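> sharing a model prediction with you, sequence too.
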Amino acid sequence: MRRPLERNFGKYLDDSALLRIALGPDLDEPCDMKYIKIRYLAMTLLTMLLTACGDTGQQGPSLHATKYRVAEPGACVEDTVTGLMWEVKTASGGLHDWRNTYSWWNPNEAVNELDYRGTPDGGTCSGSACDTWEFVRAVNAAGHCGFSDWRMPSRDELMSINDFSKADDPPTANLEYFPYMQADEYWTGFDYGTQYQSAWAWNFFYGH
């Protein structure tokens with residue numbers, strides 16, 4: 001996603017690279033996010049988990065104020081433009097607490113290649129081991145909001161909830177629906193294929 005901006009999204013994976021997570025339920029087929037990408041770029045000059053790809057909606061400067069629907073109060077929000085269902089963080093402790101941090105970890109990644117598995121259980125959290133892999137497993141085991149197919153989002157999917165009009169007042173997201181979103185970096189589900197020991201992240205302070 002965002003080919004011209006890719007160089008800005010690399011995040012080295014080391015013991016200090018402990019990011020918060022936004023999650024979304026898995027899909028049978030990958031979403032075609034090209035329209036969303038083009039659309040957001042046009043509007044500006046444009047995680048938590050997901051459920052499906054949907055039709056596009058009305059364009060306009062108030063899109064981020066109108067496109068969300070509360071699916072389960074305090075737990076899940078649906079983006080009615082993309083059809084994606086997002087986890088909502090809480091301040092009540094446990095698995096979904098906004099203060100939890102996680103190291104990036106995928107035990108299925110190749111070994112001895114540029115792809116990198118990351119660091120298991122390197123964050124500070126409660127409710128699961130503190131890495132992205134085990135967090136997703138725990139959320140699915142709990143059946144959060146009635147779903148058991150939650151996954152880490154892509155960069156384009158995180159971009160779809162990024163509100164560039166808030167660049168001077170971060171975090172760059174709608175706090176009415178994501179009240180504990182931080183002006184900070186959030187992991188995606190993808191490692192950085194041409195850079196050893198790194199993975200992609202989205203920064204809701206800078207909005208990229």
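Thanks, I have the structure now. Numbers count the residues shown, from 1 in each chain.

> tell me where this protein has strands.
For the chain, applying DSSP state E gives strands covering 10-12, 20-21, 24-25, 68-72, 76-79, 84-87, 150-151, 185-191, 198-203.

> now the first one: mean pLDDT?
Strand 10-12 comes out with an average pLDDT of 36.

> cool, and stretch 200-208?
90.

> could I get that stretch in CSV with only the CA atoms?
This file holds the C-alpha atoms of stretch 200-208, laid out as CSV (Å, rounded to 0.1, in the frame of the first residue of the first chain):
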residue,chain,number,x,y,z
TRP,A,200,5.6,-2.4,9.0
ALA,A,201,3.9,-0.1,11.5
TRP,A,202,1.4,2.8,11.2
ASN,A,203,2.1,6.0,13.2
PHE,A,204,-1.1,7.8,14.4
PHE,A,205,1.0,10.7,15.6
TYR,A,206,2.2,11.7,12.1
GLY,A,207,-0.6,9.9,10.2
HIS,A,208,1.6,7.6,8.1
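
> adding distance to Arg137 and mean neighbour count, write the strands of the chain out as TSV.
C-betas here are computed from N, CA, C, even on glycine. Converted to TSV, those look like this (distance: least, Cβ to Cβ, whole Å; neighbours: other Cβ atoms under 10 Å):
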stretch	distance to Arg137	mean neighbour count
strand 10-12	22	16
strand 20-21	12	26
strand 24-25	14	26
strand 68-72	21	15
strand 76-79	18	23
strand 84-87	14	27
strand 150-151	9	23
strand 185-191	13	23
strand 198-203	18	24
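
> who wins for proximity to Thr124 among the ones you listed?
strand 20-21 (10.8 Å; Cβ to Cβ).
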